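Participant: Predicted coordinates and the sequence they were generated for:
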Amino acid sequence: MIVTFTINGEERSATVAGWESLLTVLRDNLGLAGSKNACEQGECGSCSVIVDGANLCSCLVMVGDCEGTTITTVEGIAHGSVLHPIQQAILDEGGVQCGFCTPGFVITAAHLFAANPNPDEEAMREAFSGNICRCTGYGALLRAFDRLAGDGT
Amino acid sequence: MTVGTKERVAAGIGENAPRPDGVAKLSGNFAYGSDLWIDGMLWGATLRSPYAHARLVELDITPAVVMSGVRAVLTQDDVPGRPTFGQVEPDQPVLCDGVARYWGEPVAIVAADDQETARAAVEAIIVEWEPLPPVTDPDQARAAGETYRDMVIRRGDADAAGSVVIEGEYETAIQDQAPLGPEAGLAIPDGSGGVDLHVTSQWIHIDHAQIIASLGMEPDDVRCHPVGIGGAFGAREDISLHIHVAMLALRTGRPVRIVYDRTESFAGHVKRHPARMRYRHEADDEGRLVKVTVDMVLDGGAYAHTSHAVLANASFFTVGPYKCDNVFVDAAVSRTNNPPAGAMRGFGAVQVCFAYESQMDRLAEVLGLHPLEVRRRNALGPGDPLATSGQIVEGSLPTLRVIDELESIPMPDAAIPDDPRRLPGGTGLTTPKDAVVRGVGFALGLKNLAFSEAFDDFSEVLLILTPAGLEIHTAAIEVGQGLVTICEQIARTVLGIEAVAWLSADTSQIGSAGSTSASRQTQMTGGAVYEAAVGLRDKILQQFGGDELTNDGVYDRGELVATLDAVTADGPIEQWVRYRHPPTEEPDEFGQGNPHAGFVVAAHRAVVDVDPELGLVRVVQIDTAQDVGKALNPQAIVGQLEGGIAQGVGFAIMEELIVEDGVILNPTFTDYLIPTLLDMPDVGSRLIEEPAHWGPFGAKGIGESPTISSTPAVVAAIRAATGRPLNRVPVRPQDIAGV
């Protein structure tokens, strides 16, 4: 089957069997390797994407169900070469180490702050509880999100 | 001549210089091993043993070979060179040699046109096993003489006795590094019989040596290239798919890619050694250690890997950062059919820290002393002999200061929080606020810096100054910790030049940088960059008659005498170094001598809230004072401290690979629990700057310390809250609830 969707503002199509995960199609068919495959069972959030406004683990989404959807991946967050304030805050606070979880945190942050520009710390901890980071211990990420909440970004 | 304005170079040492790879990682454009792709490549897959110990009765690859789209199916008979590999002792078959010795041992490998076909071909292989009884008890294996190494330490007077005796038995389970990036590799035949390997690694030169041996090829025919690494923590210090992917590429003449899935990753890399430790501390009435006697066994699993060095660390750091004149250790690392163990952050120092800090707490309790007071009275410092080897501590070791600084960090609000998300059990709403008991615990940890025991430990760096700036050429591996950032900072500060670029080199272009492990790269590759930069600077200043180098060029007594363009007018200027740390020695047969290049110490304080009935814990706050030598990038250091503490918290209360009859029962992220932001406490950090006696600007490697003593601090806090003995980590709900 051919599945057609809008990814990062651009209409894209892919010839697929239909049962593949959205993650696999993003990475292997569409050349969007920013979303990462770390567990393939929806535990780590490294493959987070926004599909029609919902923050989903793309490893758990069957691509056949994505016809006509609007999808945002990590590649669609920056404005050209200028980092989005979320990305800039994570960079400034030292929230990137190995970076494998980073796309997922960027997406979850974009989703959270779009819905709630001023989350308190507990709301932030809860919002990111589906994103595992093995390197940073989350401190720098939390400081970045705190700053964004303070900015009302 | 013109007079310029000299300014201190930006983004030098001591600053929070941003990561050069940060923008790419934040934008999804950074290429990790699992992102590598080349048109026309084949996909590899691996058949693994379903048993921890079994004889291979029949292996028939024919059904896979005849499948459409399958390009190669290889077994041990196809290994062109040495049939085994191993970093220290080549004892592991590249592919099963007729007996599988651990669950998940590779048996056959397949290359096919796509991943589904490769996996289907693996399923199609006919394999018949005769299960054998697995050896799973490390004590039994030790008794049978099945050990990779035995260590004996005899220091002081065996008849020495203290008035206070503390005995305890401790156990640590298996922790997995669980780096988010899976094992991944791409092998590309070069068309003239050789191969280029792009594989996730912590040390490409040690990989290279093992790969060429098993491929039976000349060094020049195989090139190992650094790739983007999604975390490591020791999991990538040993070979995983390297030889397999190269064999498939050479056999098919086509590029081949292998990427492990998560379960295969759990099976496919070494783990932290589980340990059983029997301790006897004897002290005087003041709490000063008189004698420490230890017997311990680590479980090395099915193959040797780095077990010998892990055991050495466990043995030499068995007393911790404390003085004691009489120390007797018998230690062994056993060969079993459990998952192979090897390097993980802390490398032998983690297991014993849990034991010796538990002992120190009990000693304090018996004597009615504050836990930190008993540690103060025994604190090891510069000029003191290490309790085990007798090696005199050179350079800095601020044990007393880490204790003092730790105490200066404010405690959290004493009130138990109202928000259920801050209570044990969280949003499960299992725990009413008034059921919560708070506890506070402390721990200190000691670690060696870089490789020990006479290992020829070095790092090579080539600096090239061009009109565009400075290039750093090295094979050192950045795993996320910030090595690239700090090496660039070091070069900027020494040379006064801001435009610095890190250029990863493959094994054909430069010699080894050594392993990204053992808290060594800040001092080793950082030290190499420092030494090369000093050499380059002095050469330029001498040639152009100046006394200072800056972004503008060479100055002499404040006057610009040559611009950078003029300096490089005759071509790039190069400086190569092979940097070594001070030499270390093999210990004698009783473990005595000078096996270490230096030491680093840290202290942790944990505050926990516990629901004693349900056995649930929420870690409220962990504070740390860390010996850093010199903080080259404070933000990067805090990132290491917080990240290491997260792994320490995980090991204290969550992270355990559960193994039954040698089989891992929980090789997924659903069942192997890693702390999330909801589990992670607030962290307070103090960095203690007392320069090391070697390395750039006195900096010390700090990557492992935060993982070593954070675990026992959490357990001590749970003990303080509950009164339970808790002699095993991770602490499970049933250990707290007493059921």
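Facilitator: Everything's here; your move.
Participant: hey, let's count contacts and neighbours off CA atoms from now on
Facilitator: Fine.
Participant: who's in contact with residue B:161?
Facilitator: For residue B:161, the contact set (CA atoms under 8 Å, 6 or more residues apart in numbering or on different chains) comprises B:282-283, B:290-291.
Participant: Tell me the pLDDT of the residue sitting nearest the centre point of chain A.
Facilitator: Centroid-nearest residue in chain A, with CA atoms, centre = their mean: residue A:107, separated by 2.8 Å. At residue A:107, the model reports a pLDDT of 98.
Participant: Can you read off the pLDDT for residue 76?
Facilitator: In the absence of a named chain, chain A is used. Predicted confidence (pLDDT) for residue A:76: 98.
Participant: The chain in question should be chain B.
Facilitator: Looking at residue B:76, the pLDDT reads 98.
Participant: Find the nearest non-adjacent residue to it, please.
Facilitator: residue B:95 (4.8 Å; CA to CA, 6 or more residues apart in numbering or on different chains).
Participant: how about low-confidence regions in chain B?
Facilitator: Along chain B, the model assigns pLDDT under 70 to residues B:1-7.
Participant: Can you pull the domain assignment for it?
Facilitator: B:22-30+B:458-580, B:396-454+B:594-739 (automatic domain parsing).
Participant: Please see if the last one touches chain A.
Facilitator: Read that as domain B:396-454+B:594-739. Yes - interface with chain A: domain B:396-454+B:594-739 contributes B:421, B:635-636, B:639-640, B:642-647, B:668-670, B:674-678, B:680, B:682-683 (CA under 8 Å from any CA of the partner chain).
Participant: Report the buried members of those.
Facilitator: Among the residues of domain B:396-454+B:594-739 next to chain A, the ones that count as buried by 16 or more other CA atoms under 10 Å in any protein chain shown are B:421, B:635-636, B:639-640, B:642-647, B:668-669, B:674-678, B:680, B:682-683.
Participant: Double-check that residue B:166 belongs to a strand.
Facilitator: Yes - read with DSSP: H, G, I helix; E, B strand; the rest coil, residue B:166 is one of the residues of a strand.
Participant: Run through the residues that contact it.
Facilitator: By CA under 8 Å, 6+ apart, residue B:166 lies in contact with B:279-282, B:359, B:362-363.
Participant: Nearest to residue B:23 among the residues you listed?
Facilitator: Distance to residue B:23, by CA to CA, is smallest for residue B:359 among those, at 46.7 Å.
Participant: and residue B:626, that one's in a helix?
Facilitator: No - judged by three-state DSSP, residue B:626 forms no part of a helix; its state is strand.
Participant: Residue B:376 and residue B:411, how far apart?
Facilitator: The gap separating residue B:376 from residue B:411 is 20 Å, by CA to CA, to the nearest Å.
Participant: With neighbour numbers in mind, choose between the two.
Facilitator: Neighbours per residue, other CA atoms under 10 Å in any protein chain shown: of residue B:376 and residue B:411, the larger number sits with residue B:376, 18 against 15.
Participant: which one is the more buried one nearest to, not counting chain neighbours?
Facilitator: Leaving aside its sequence neighbours, residue B:376 sits nearest to residue B:400 (CA to CA, 6+ apart; 6.2 Å).
Participant: Report the beta-bridge partner residues of the closest residue to residue B:190 other than its chain neighbours.
Facilitator: The shortest distance from residue B:190 to any non-neighbouring residue, by CA to CA, 6+ apart, is to residue B:196 (6.7 Å). Taking DSSP bridges as the rule, residue B:196 bridges to residue B:188, residue B:223.
Participant: ok, residue A:48 touching residue A:111?
Facilitator: No - the pair residue A:48 / residue A:111 is not scored as a contact, 10.1 Å apart, by CA atoms under 8 Å.
Participant: So for those two, which sits in the more crowded spot?
Facilitator: Neighbours were counted for residue A:48 and for residue A:111 using other CA under 10 Å; residue A:48 has more, 31 against 18.
Participant: what residues are shared contacts of residue A:48 and residue A:111?
Facilitator: By the contact definition CA under 8 Å, 6+ apart, residue A:48 and residue A:111 are jointly contacted by residue A:55.
Participant: Would you map the helices across the stretch 501-650 of chain B?
Facilitator: B:521-544, B:564-567, B:634-653 (DSSP state H, counting those that start in this stretch).
Participant: Out of those, which one sits most buried?
Facilitator: Sort the helices of the stretch 501-650 of chain B by mean neighbour count, taking mean count of other CA atoms under 10 Å in any protein chain shown, and helix B:634-653 sits at the top with a mean of 27.
Participant: all strands of chain A, in order?
Facilitator: A:2-7, A:10-15, A:48-51, A:54-57, A:70-72 (DSSP state E).
Participant: would a markdown table of these with distance to chain B and mean pLDDT be doable?
Facilitator: A markdown table is the format used below for the strands of chain A (distance: least, CA to the nearest CA, whole Å; pLDDT from 0 to 100):
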| stretch | distance to chain B | mean pLDDT |
| --- | --- | --- |
| strand A:2-7 | 14 | 98 |
| strand A:10-15 | 15 | 97 |
| strand A:48-51 | 12 | 98 |
| strand A:54-57 | 14 | 98 |
| strand A:70-72 | 12 | 98 |
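Participant: Which ones among the contacts of residue B:161 lie within strands?
Facilitator: Per DSSP E, the contacts of residue B:161 map to strands at B:282-283, B:290-291.
Participant: what's the closest of these to residue B:169?
Facilitator: Taking the ones in strands among the contacts of residue B:161 together and measuring to residue B:169 by CA to CA, the closest member is residue B:282, at 15.0 Å.
Participant: rewinding a little: wait, isn't the residue nearest to residue B:190 in contact with residue B:219?
Facilitator: No - contact criterion CA under 8 Å: residue B:196 and residue B:219 do not qualify, at 11.7 Å.
Participant: Settle it for me: which of the two has more neighbours?
Facilitator: Each of residue B:196 and residue B:219 had its neighbours counted (other CA under 10 Å), and the higher figure belongs to residue B:196 (19 against 15).
Participant: now the more buried one: how far from chain A?
Facilitator: Noted for residue B:196: a distance of 22 Å to chain A, by CA to the nearest CA, to the nearest Å.
Participant: what's that residue in contact with, if anything?
Facilitator: So residue B:196 contacts B:187-190, B:222-225 (CA under 8 Å, 6+ apart).
Participant: now the helix or strand hosting residue B:486 and helix B:521-544, what's the angle there?
Facilitator: Using DSSP states H and E, residue B:486 falls within helix B:483-495. Between the axes of helix B:483-495 and helix B:521-544, defined by axes from the mean of the first three to the mean of the last three CA atoms, to 10 degrees, the angle is 30 degrees.
Participant: got the contact list for residue A:29?
Facilitator: residue A:14.
Participant: ok, it to chain B distance?
Facilitator: The gap separating residue A:29 from chain B is 12 Å, by CA to the nearest CA.
Participant: Could you report the pLDDT at that residue?
Facilitator: pLDDT for residue A:29: 96.
Participant: From residue A:45, how far out is residue A:107?
Facilitator: Separation of residue A:107 from residue A:45 (CA to CA): 9 Å.
Participant: Sorry, wrong one. I was asking about residue B:96.
Facilitator: Counting by CA to CA, the separation of residue B:96 from residue A:45 is 35 Å.
Participant: Just want to know which of the two has more residues nearby.
Facilitator: Between residue B:96 and residue A:45, counting by other CA under 10 Å, residue A:45 is the more crowded of the two (32 against 23).
Participant: neighbours around the residue lying closest to that one once chain neighbours are set aside, how many?
Facilitator: The spatially closest residue to residue A:45, leaving aside those adjacent along the chain, is residue A:131, at 4.4 Å (CA to CA, 6+ apart). Number of residues near residue A:131 (other CA under 10 Å) recorded here: 23.
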